[in-house]
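Enquirer: Could you work out the structure for the sequence below:
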Amino acid sequence: MGRISYGIYQCTNPTCRFRFPFNSHTPFRERCPRCGAPTHLVAQVPILGEVSDPDPMPAEPVVDALLDNIRSTYNVGSIFRAADGAGIRHLHLCGITALPSHRQVGKTALGAEHSVPWTYHPNAVDAAEELRHAGAALWALERTRNSRSLFDTVATSVPSWIVLVVGNEISGSDPEILALCDRVVHIPMQGRKGSLNVATAFGIAAYALRYRLCPASGQAKRDGRYV
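Expert: Numbering: from 1, shown residues only. Predicted coordinates for the structure are as follows:
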């Protein structure tokens, strides 16, 4: 992703005073998008770009992910961005899951679609079987009668290579994939809804697995202890 300068602009109309960020190279910034009055630059935003000095990441577990027929291109893009941040090694895109070449994926990935390795598979069950035969432990992020809390699970011993499986926004993960999984985990819910948006859930799970967060203390577990 290229380095882009942004500014904060404010409407000069005293009854409007609409305030918004805009690319400093875009001519539309000179007029308020709300009332059409002239605007003026009130603040500069630090240049957006790549992280030059990434934070240290734990060596294990190595985490890949399998996206089983994710229908929203924006969710796919958000998953790429979360994968980039959490240090997910590889994404397996299956079925109808959009590829990074899709224009709308890039709107939410913001360049992460170019930094995270990925592979496309037409059949998610076949992909899951191949990964299992290669030695990966499959963990499905899905609420079922037998699923366990993700946070309780990561506080225990975990395998060195995990493939996190996330399913379709409506139908969830394919039953045949769930049958292949070593564990089925869920994110505890306190409200009226039974689940989170798939990209939000993926981000939580990706960081929980990579950093192995302890829900009680918020600390990361390394070498069998919390630090």
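
Enquirer: how far away is G203 from V166?
Expert: From G203 across to V166, the span is 11 Å (C-beta to C-beta, to the nearest Å). In this view, the C-beta of every residue, glycine as well, is placed from N, C-alpha and C.

Enquirer: Looking at the two, which is more packed in?
Expert: The neighbour count for G203 versus V166, taken as other C-beta atoms under 10 Å, is higher for V166 (25 against 19).

Enquirer: Enumerate every residue touching the closest residue to A83 other than its chain neighbours.
Expert: Spatial nearest neighbour of A83, chain neighbours left out: V116 (4.8 Å); criterion: C-beta to C-beta, 6 or more residues apart in numbering. Contact partners of V116, counting by C-beta atoms under 8 Å, 6 or more residues apart in numbering, are 80, 83-84, 88, 90-91.

Enquirer: And for C94?
Expert: Neighbouring residues of C94 by C-beta under 8 Å, 6+ apart: 66-69, 120-124, 127.

Enquirer: Can you flag the buried ones in the residues you listed?
Expert: Using 16 or more other C-beta atoms under 10 Å as the burial test, these include 66-69, 121, 124, 127 as buried.

Enquirer: Now intersect those with the helices, please.
Expert: Among those, the residues falling in helices (DSSP state H) are 124, 127.

Enquirer: ok, of the buried ones among the contacts of C94, which one's closest to E176?
Expert: A124 (8.7 Å; C-beta to C-beta).

Enquirer: So for the closest residue to the closest one other than its chain neighbours, what's the pLDDT?
Expert: Spatial nearest neighbour of A124, chain neighbours left out: C94 (3.6 Å); criterion: C-beta to C-beta, 6+ apart. The score at C94 is 98. That number is its pLDDT.

Enquirer: any low-confidence regions in the chain?
Expert: For the chain, applying pLDDT under 70 flags the ranges 1-4, 24-25, 47-55, 57, 213-227.

Enquirer: which residue ranges form the strands in it?
Expert: 4-11, 19-23, 39-48, 62-68, 91-94, 118-121, 137-141, 148-149, 161-166, 183-186, 221-222, 225-226 (DSSP state E).

Enquirer: list the residues that contact both of G203 and V166?
Expert: By C-beta under 8 Å, 6+ apart, G203 and V166 have these common neighbours: I79.

Enquirer: burial count for G106?
Expert: G106, neighbours per other C-beta under 10 Å, totals 18.

Enquirer: which residues touch it?
Expert: So G106 contacts 77, 100, 113 (C-beta under 8 Å, 6+ apart).

Enquirer: could you redo the last one with a cut-off of 10 Å?
Expert: Residues in contact with G106 (C-beta atoms under 10 Å, 6 or more residues apart in numbering) are 1, 73, 77, 80, 100, 112-114.

Enquirer: Neighbour-wise, which one of those leads?
Expert: Counting by other C-beta under 10 Å, top hit in the contacts of G106: F80 with 28 neighbours.

Enquirer: hang on, that one packs against I88?
Expert: Yes: applying C-beta atoms under 10 Å as the test, F80 and I88 come out as touching, 9.1 Å apart.
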